[in-house]
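Participant: Just need the structure, nothing else, for what follows:
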Amino acid sequence: MSFEIVELSEVADLQQVVELFSKVWGARDEPLINSNTLRALAHSGNYVAGAKTKGRLIGAVMGWLGGHPPGELHLHSHILAVTPETEARGLGFALKQHQRSWCIARGIRTVEWTFDPLVRRNAYFNLTKLGAEASSYLVNFYGSMEDGINAGDESDRILVTWSLEAGKVEAASHGETEEADARRLIDEGAVATLMAGAGEEPIRRELTPGAIGLCQVPADIVAVRRDRPDLARRWRLAVRDALGGPLSGGYRVVGATKDGWYVLSPDPR
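Facilitator: Coordinates of the predicted model:
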């Protein structure tokens, strides 16, 4: 399927963005963001873009300019969504590359966003496919959320920093990425500090100081939240401890795999 990615600013287009976000995220009583706010953001020089095929919106992404003076300006990328039934492969990646090009053309060198560390496909997409870095672990960042994806869980997030001109990010933009091999790392002495047991329960081990750590997350946390909320709560607390603890204590995430492993390494800085 062919598609075109363009900036959006007209009310009719922005209403389609609102509807797409609500559909993908399962927003029940109120939209994630309304068209009036999107209109104001686009008009004031912020980023709202969508992917269209035959006039139909199949994906969208939006964010706004931010920073902490006197620090450098960055883009905070807030929402990206692709309609589930689309046949356009690689659309999420294409939307992020459009965002990257938009920023570089305006002298913006960094994009930040947050994602749920329990969602393994997002970890792989953000940290491997895009080449972004996990900056920090944020506990219950948004408080209680009631959309169809997050309802019933605390909103822990990883803050991502995407350094747009870094060599790793440039290589990733051309599809040149390297995925860690968790099993090989374990054979070489890495510690699996968190992994899924036979009944999908989290199994926790302590990280040996100075060792490479591996932290696994469930295959489908959204289904676990829906079908086994008590188990989802156990996973939230386990990942908060096994991933959030090292990130705040001298470790950094150096990889994320398709099969749900974060790779943690002592930070030499």
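
Participant: For Met195, what is the enclosing helix or strand?
Facilitator: According to DSSP states H and E, Met195 maps onto strand 191-196.

Participant: Give the buried residues for that strand.
Facilitator: Applying a neighbour-count criterion of 16 or more other Cβ atoms under 10 Å, the buried positions in strand 191-196 are Val191, Ala192, Thr193, Leu194, Met195. C-beta here means a position set from N, CA and C on the backbone, and glycine is covered the same way.

Participant: List the neighbouring strands of the longest strand belonging to the chain plus their orientation.
Facilitator: Of all the segments assigned as strand in the chain under DSSP state E, the longest by residue count is strand 56-66. Sheet neighbours of strand 56-66, with direction, are listed as strand 47-53 (antiparallel), strand 74-82 (antiparallel) (DSSP bridges).

Participant: so what's Leu214 up against?
Facilitator: Contacts of Leu214 were listed using Cβ atoms under 8 Å, 6 or more residues apart in numbering, and they are 182, 185-186, 190-195, 261-264.

Participant: Turn the strands paired with strand 56-66 into CSV, including mean neighbour count, mean pLDDT and distance to Ala88.
Facilitator: Conversion of the strands paired with strand 56-66 to CSV gives the following (neighbours: other Cβ atoms under 10 Å; pLDDT from 0 to 100; distance: least, Cβ to Cβ, whole Å):
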stretch, mean neighbour count, mean pLDDT, distance to Ala88
strand 47-53, 21, 97, 7
strand 74-82, 20, 97, 8
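
Participant: Turn the ones you listed into JSON lines, including distance to Leu41.
Facilitator: Formatted as JSON lines, the strands paired with strand 56-66 follow (distance: least, Cβ to Cβ, whole Å):
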{"stretch": "strand 47-53", "distance to Leu41": "6"}
{"stretch": "strand 74-82", "distance to Leu41": "9"}
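
Participant: Please identify the one among those strands that comes closest to Arg89.
Facilitator: Across the strands paired with strand 56-66, the minimum distance to Arg89, taken as Cβ to Cβ, is reached by strand 74-82, at 10.4 Å.

Participant: Next secondary structure after the closest one?
Facilitator: Of the helices and strands lying after strand 74-82 in sequence (DSSP H and E), the nearest is helix 91-105.

Participant: for Ala132, what are its contacts?
Facilitator: Ala132 sits in contact with Asn126, Val160, Thr161, Trp162, Ser163, Val169, where contact means Cβ under 8 Å, 6+ apart.

Participant: Does the nearest residue to Pro84 once chain neighbours are set aside belong to a helix, a strand or coil?
Facilitator: Computed as Cβ to Cβ, 6 or more residues apart in numbering, the closest residue to Pro84 that is not its neighbour in sequence is Val24, at 6.9 Å. At Val24 the chain is in helix, as set by DSSP: H, G, I helix; E, B strand; the rest coil.

Participant: Repeat that for Ile158.
Facilitator: Reducing the assignment to helix, strand or coil with three-state DSSP, the entry for Ile158 is strand.

Participant: Please consider this matter closed, and thank you.
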